[in-house]
Structures are given as structure tokens and as C-alpha cells.
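[1] model this:
(one chain, ligands or ions: 1)
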Amino acid sequence: NTLDPHILIIYGASGDLAQRKLIPAVFDLYRGGYLPEKFALLGASRTDFTDEEFRKKVVFENEFFEAEGHEDKLDAFSQLLFYQDLKAYDGAEDVKKLKDRLEDLGQRFGTGSNYIFYLSTPPKLYNTIPKALADVGLNKPADGWSRLVVEKPFGYDEASARQLNEELQSVFRENDIYRIDHYLGKETVQNLLVTRFANGFFEPLWNRNYIQSVQITAAETVGVGSRGGYYDESGAMRDMVQNHLLQVLAHVGMEPPIRADAYSIRGEKMKLFQSLRPIKGEQVAEQVVRAQYTAGKTKEGEVPAYRDAEGVPDDSTTETYVAMKFFIDNWRWAGVPFFIRTGKCLPLKVTEVVITFKNPPQAIFAAYDDYAMKCDNQLIIRIQPDEGMAMEFGMKVPGEGFRVKNVDMDFFYRDLTTKDVPESYSRLLLDCMKGDPTLYARGDSVEQAWAFVDPILQAWENNEAPLTMYEAGTWGPVEADKLWDGVEGGMWRNPS
Ligand code: BG6
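    Okay, the predicted model is just below:
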């Protein structure tokens, strides 16, 4: 393949994300033949491992490592993995050690000085590590390239995101900073762009003239489990809405990019985020519902209340559920209500986008029964699971008269290919290896997305909007249904 030889350095390599997602994703690329011929992976973290111990932990004894049917490739793969222990992530001595190690590996594997530095560390290290790399010139190697991958959270609010961007951009070029959002690695999220921009028949309908409302739901059955410590500082708005769901929204709502490249697509997203009508002050209580789960029973079993989860204070007011209504102030979407909803401990794990089209101007079959009135023209885009799309529309019930019934036309994404659909992390890592940031979040749009959620978070912090409770295993508080008041025939679609 045509990828440049390089070394992938994973900071925080003994941590959870590296084991669950990153190393398995690199293996997927390896067995698919996507990695460059000259490649090495260097894990770096504070734990004391030899190369062998590291390989054992992240490959041979890693419960998240799926090698079924490819066991014969494990040994050869593991030989590409190395480990460097660090005392501190930013110490001068450490970074010197790292540089020597990279030079050594570079010579052994013929990778030269092309590097991807993947920060799978606590966010407080996001500025110190890049600075330390810059101190020894690893951010801009003279005869190679250097890219930086950063995991969310990108800041805690607009101001901190801005500061983080400034710090990162002072040592790496914006196009070499890859802010990973794993939702953008999902095939179905990418497919939203193809659905919209490769098909002539959606294009004329995709606007305020024909669309009644748009809703995006990301429901999860799991609670916070053992992530309470992290989650309580974050909450559903920061954990899901500010990043993943606004990215999905951007794919649903953006204007047609002039080309399918990073510059055009990311530029259109930025414009979309700039068009979000701010929700401020009293509007927060009217347009946004925040809620927290109490004890209950979900598909996963009995769940204790969020406040009883490990690492969560007894009086926590962190939201595990958000539902909101908002508008996009541009020509395409003027007046169309958008709804986003996400929560933990809901009845199903499902992410979907529902486009509801306006009814025809006259319900001429209404006399036959009330079906005609209920006839929903909806396009349901299932992001996960059962990736695919369904179209709902009215058909005549066979027999006398003109009774109308809603029917489904269903397409399953898996029917498109017999190959495994690539995992998010594999796809995104591969793009970074190619030097293509299209599916990564750009700094300015991250700030813009924060600018939209900040006033809401602010109002919550000032207790200007109530926190409601919902029982684990239900679809959330009834208050969320009220957001639809005034939207003709509109309501959340709760898939079963
Ligand atoms: C992560 C959040 O970014 O996304 C988690 O931190 C959440 O809280 C997860 O569970 C959801 O991702 P997915 O791919 O399972 O929908």
C-alpha cells in the first residue's frame, strides 16, 4: 500500500482505551493488510513493562483482543509492538529517552522520522505532552512528519477548548492535530453524507419546505458502571451531546460541501454550528430537559441509582439524560424544530436519526378512518445497531374504500458487503495514517459546539432549570415529551 512508513506512539498504552480499542484496531489494520510495510508501535506509560510484558498484556492476555480465525498472525503482529516506560509524561529526561528510542526503532524498521503521537491519557496532559515533544523537535521532525491524535474531552467549555487549541496549535499545525470523535468513524454516520449528497431525490426534499422535524436519539442501556468518577464531572451534555451528537447533527444538516475533502466538509460543519440558535437564560428550562436515573431494572439487570454508583457523590446533580429542542437559523432550516435526546439506563441501545416529512396539504382519505391522519412519512436512519435505513409511508389497505396503512421499506447496511464493516477506531486511525483529517473534528468547530452548549451548562450550574429524575429502564422523564408541544403530530420515536 501507499502509506508512509511510520511509528505509532500510544501514550497511556497500559490504560483502558488502548486495550479495549486502540491495539485491537491496529491489529485489524494489520490483518487487513492496511499498515505500511515499515511500521512499529511504541506504547508509552508510567507502568514498568518490558516489551515482552507489554505484548502479553495488550495482545495475548487482552480480553478485548479479538483474533478469532487470525491466531496465526498474533506472533508476527506482536513483534511490531514495543514499550517505553516513562517517569513523568513531560519530564525532559523522559522525552529524551523517548526520542532515542524512536530513533533506534526508526532505524531498525526503516520508518524514518514519521510519527503519530496518540494521547490516550487524562486530558490534563494534553498540553504538557505536546510541549515536551516540541522541546526535542518531535513535533516537526526535519525529514519526516508528525501528527497528534487527541481523545475527547477537548476542553470543558468554550474557554478551555480555546485555550487547549491555542496550546496545541502553538506546537502542531492544525491539520496535524487529529481530534478523534469515534462517532465520525461509524460507517452509518459517514453514510449520512452519501445518502444526502449522492441521491438526487433526497436533495430537493431536505429542507424547511418538506421536513417537519428532525430528531436524533442516542439511547444506552448501560449506566455509568465504574466510570462514575469521570462521568460525574462530565454529564450527558459534555459526554455525548457537545461532541458525538452535534457531529451527527452536522452531517444531517450541513449544506452540500463542494468536494468530499477535509477542507470543504469541515468548513460546512463549522457553518452549521455557527447557525445554531443559542438557548439562553429562561429558554433553557423551556427547551432543555436534564434528568438523572434512579434505581431500576434495565436489560443489563438491576441498576442502583446514579447517586449510588461508585465515584458519584450522594447529592450529585449531574445529568445522565438530556433532551432538547432547538433551531438552526439558516435558509435551509428556518423554522424546523430539531430534537436531540440521549441517556444512560434507557430501555434499548440505539442511535438513530428520524426525519419526519410534512403531511400532504389535504387529508383526502381521512373519511375512511383515522389511519390517514396518522400516516407518518418518516425516514429513519439507524446509526446503530441494525445499521441501515427505513422509510415509512402510507399504502392502501387492500379491499374496499381507501384505508391507509403505514408501511416500512427497510434497508440493512450489512447487505451491502460480506466483509466486516470496519470498527470506528480502525477506520479513523487509518485516515490519520494517510494524513486525512476529514473525519476528525477541527479546532474552531469544537469551540463553536461548546459555544452552543455553554449557556445551557451555565444555566444548570446556576440552578435555573430543574433536574428531574427517571427510573432506570424507562425512556426518561415525561418532561421530554412536552418539548414537542406545538409540533403537529410530532413525538419522540421510541424504537422497540
Ligand atoms: C463515549 C462516552 O464517548 O461514547 C460514553 O464517553 C458512551 O459514555 C459512548 O457510552 C457511546 O458510544 P457508542 O459507540 O457505544 O454509541
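
[2] who are the neighbours in contact with the closest residue to residue 58 other than its chain neighbours?
    In space, residue 58 comes closest to residue 23 once its chain neighbours are excluded; the distance is 4.6 Å by CB to CB, 6 or more residues apart in numbering. In short, each C-beta sits where N, CA and C put it, glycine included. Residue 23 is in contact with 10, 13, 41, 58-59, 62, 65, 81, counting by CB atoms under 8 Å, 6 or more residues apart in numbering.

[3] Output the residues you listed as JSON lines; include the columns secondary structure, neighbour count and distance to the ligand.
    Formatted as JSON lines, the contacts of residue 23 follow (DSSP: H, G, I helix; E, B strand; the rest coil; neighbours: other CB atoms under 10 Å; distance: CB to the nearest ligand atom, whole Å):
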{"residue": "10", "secondary structure": "strand", "neighbour count": "27", "distance to the ligand": "18"}
{"residue": "13", "secondary structure": "coil", "neighbour count": "29", "distance to the ligand": "19"}
{"residue": "41", "secondary structure": "strand", "neighbour count": "27", "distance to the ligand": "23"}
{"residue": "58", "secondary structure": "helix", "neighbour count": "27", "distance to the ligand": "21"}
{"residue": "59", "secondary structure": "helix", "neighbour count": "19", "distance to the ligand": "23"}
{"residue": "62", "secondary structure": "coil", "neighbour count": "18", "distance to the ligand": "19"}
{"residue": "65", "secondary structure": "coil", "neighbour count": "17", "distance to the ligand": "19"}
{"residue": "81", "secondary structure": "strand", "neighbour count": "22", "distance to the ligand": "25"}
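
[4] where does the stretch 351-496 of the chain dip in pLDDT?
    369-375, 420 (pLDDT under 70).

[5] What residues does it have near the ligand?
    Taking CB under 6 Å from any ligand atom as the criterion, the stretch 351-496 of the chain approaches the ligand at residues residue 351.

[6] gap between the residue of the stretch 351-496 of the chain found nearest the ligand and residue 381?
    Distance from the ligand to each residue of the stretch 351-496 of the chain (CB to the nearest ligand atom) is smallest for residue 351, at 5.8 Å. Distance, residue 351 to residue 381, by CB to CB, to the nearest Å: 9 Å.

[7] try residue 277
    Separation of residue 277 from residue 381 (CB to CB): 23 Å.

[8] State which one residue of the stretch 201-350 of the chain is found closest to the ligand.
    For the stretch 201-350 of the chain, CB to the nearest ligand atom, closest residue to the ligand: residue 239, 4.7 Å.

[9] what pLDDT does that residue get?
    Predicted confidence (pLDDT) for residue 239: 96.

[10] so where is the stretch 101-250 of the chain shaky, pLDDT-wise?
    Applying pLDDT under 70 to the stretch 101-250 of the chain flags no residue at all.

[11] Tell me the residues on it that lie near the ligand, please.
    For the stretch 101-250 of the chain, the residues in contact with the ligand (CB under 6 Å from any ligand atom) are 182, 220, 239.

[12] contacting residues for the first one?
    The one in question is residue 182. Counting by CB under 8 Å, 6+ apart, residue 182 touches 21, 244, 424-425, 428.

[13] rewinding a little: is the residue of the stretch 201-350 of the chain closest to the ligand located within a helix, as I assumed?
    Yes. If the criterion is DSSP: H, G, I helix; E, B strand; the rest coil, then residue 239 is within a helix.

[14] Please report the number of neighbouring residues for it.
    Residue 239 sits with 23 neighbouring residues when counted by other CB atoms under 10 Å.

[15] excluding its backbone neighbours, what's nearest it?
    Going by CB to CB, 6+ apart, residue 239 has residue 231 as its nearest residue, at 6.6 Å.

[16] Right, and the ligand sits closest to which residue of the stretch 51-200 of the chain?
    For the stretch 51-200 of the chain, CB to the nearest ligand atom, closest residue to the ligand: residue 182, 6.0 Å.

[17] ok, now how distant is the residue sitting furthest away from the middle of the chain from residue 184?
    Using CA atoms, centre = their mean, the residue of the chain lying farthest from its centre is residue 400. It sits 49.4 Å away. If you measure residue 400 against residue 184 using CB to CB, the figure is 51 Å.

[18] do the same with residue 292
    In terms of CB to CB, residue 292 sits 28 Å off from residue 184.

[19] ditto for residue 156
    Computed with CB to CB, the distance linking residue 156 and residue 184 is 21 Å.

[20] Ok, residue 442 next?
    Residue 442 is 11 Å from residue 184, by CB to CB.

[21] likewise residue 261?
    Distance, residue 261 to residue 184, using CB to CB: 15 Å.

[22] the more surrounded of these two?
    Per other CB under 10 Å, whichever of residue 261 and residue 184 has more neighbours is residue 184, with 23 against 13.

[23] With adjacent residues omitted, what lies nearest to that one?
    Distances taken as CB to CB, 6+ apart place residue 439 nearest to residue 184, at 4.3 Å, with adjacent residues excluded.

[24] how about the one you found, secondary structure?
    The three-state label given to residue 439 by three-state DSSP is coil.

[25] next one: phi and psi at it?
    Taking degrees, to the nearest 10, you get phi -100, psi 30 for the backbone angles of residue 439.

[26] now do residue 323
    Backbone torsions of residue 323, given as degrees, to the nearest 10, read phi -130, psi 140.

[27] wait, what's in contact with residue 156?
    Applying CB under 8 Å, 6+ apart to residue 156 gives the contacts residue 238.

[28] Residue 376 now?
    Taking CB under 8 Å, 6+ apart, one finds 356, 392-393, 406, 489 in contact with residue 376.

[29] Repeat that for residue 411.
    Counting by CB under 8 Å, 6+ apart, residue 411 touches 388-390.

[30] State the separation between the helix or strand it falls within and the centre of the chain it belongs to.
    According to DSSP states H and E, residue 411 maps onto strand 404-412. Here strand 404-412 is found 29 Å from its chain centre; the criterion is CA atoms, centre = their mean, to the nearest Å.
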